[in-house]
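for reference, the sequence and a predicted model appear below.
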Amino acid sequence: MERILVSACLMGFTVRYNGSDKLLISSTLARWRAEQRLVIHCPELAAGLKPRVYLLKSAAAALSRC
């Protein structure tokens with residue numbers, strides 16, 4: 001069985017730069033997911049980047065401790 005690489009944000013994970021997703025569940029994606037063919041991956045997170053919302057919350061928390 002062939003595996004299919006798909007971006008995590010398209011599968012509903014909130015990993016985009018603004019802390020949102022870009023959910024795109026078509027009938028084909030849903031079938032491939034049920035068949036366990038999908039490899040869900042986020043290249044930005046794999047490279048060590050964090051969503052901007054996470055960074056803003058971290059900065060706000062750090063400033064509140066000052």
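Noted; the coordinates are in hand.

from now on I want contacts and neighbour counts done on CA atoms only, so please keep to that.
OK.

what about stretch 1-9, how long is it end to end?
Criterion CA to CA, to the nearest Å; first-to-last residue distance in stretch 1-9 is 24 Å.

repeat that for stretch 14-22.
End-to-end span of stretch 14-22 (CA to CA): 8 Å.

then stretch 11-30?
Start to finish, the residues bounding stretch 11-30 are 9 Å apart (CA to CA).

kindly report the same for stretch 37-47.
In stretch 37-47, first residue to last residue: 23 Å (CA to CA).

avg pLDDT for it?
What stretch 37-47 shows for mean pLDDT is 88.

quick check: Lys22 vs Met1, distance?
Per CA to CA, Lys22 is found 27 Å from Met1.

the two: who's more crowded?
Taking neighbours as other CA atoms under 10 Å, Lys22 and Met1 compare with Lys22 leading, 15 against 6.

which helix or strand contains the more buried one?
Using DSSP states H and E, Lys22 maps to neither a helix nor a strand.

could I get the phi/psi values of it?
Dihedral pair for Lys22: phi -140, psi 50, per degrees, to the nearest 10.

one more: the one 3 residues further on?
Taking degrees, to the nearest 10, you get phi -100, psi 100 for the backbone angles of Ile25.

that one contacts Cys9, doesn't it?
No: applying CA atoms under 8 Å, one finds Ile25 not in contact with Cys9, separated by 10.7 Å.

between those two, which is the more surrounded one?
More crowded of Ile25 and Cys9, by other CA under 10 Å: Cys9, with 19 against 13.

wait, what's in contact with the more buried one?
15-16, 20-23, 42 (CA atoms under 8 Å, 6 or more residues apart in numbering).

looking at the residues you listed, which is nearest Lys50?
For the contacts of Cys9, the residue nearest Lys50 by CA to CA is Val15; the value is 7.8 Å.

what about the closest one, distance to Glu2?
Per CA to CA, Val15 is found 25 Å from Glu2.

can I get the contacts of Cys9 in JSON lines with distance to Arg31?
Below are the contacts of Cys9 laid out as JSON lines (distance: CA to CA, whole Å):
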{"residue": "Val15", "distance to Arg31": "23"}
{"residue": "Arg16", "distance to Arg31": "24"}
{"residue": "Ser20", "distance to Arg31": "24"}
{"residue": "Asp21", "distance to Arg31": "20"}
{"residue": "Lys22", "distance to Arg31": "19"}
{"residue": "Leu23", "distance to Arg31": "15"}
{"residue": "Cys42", "distance to Arg31": "21"}
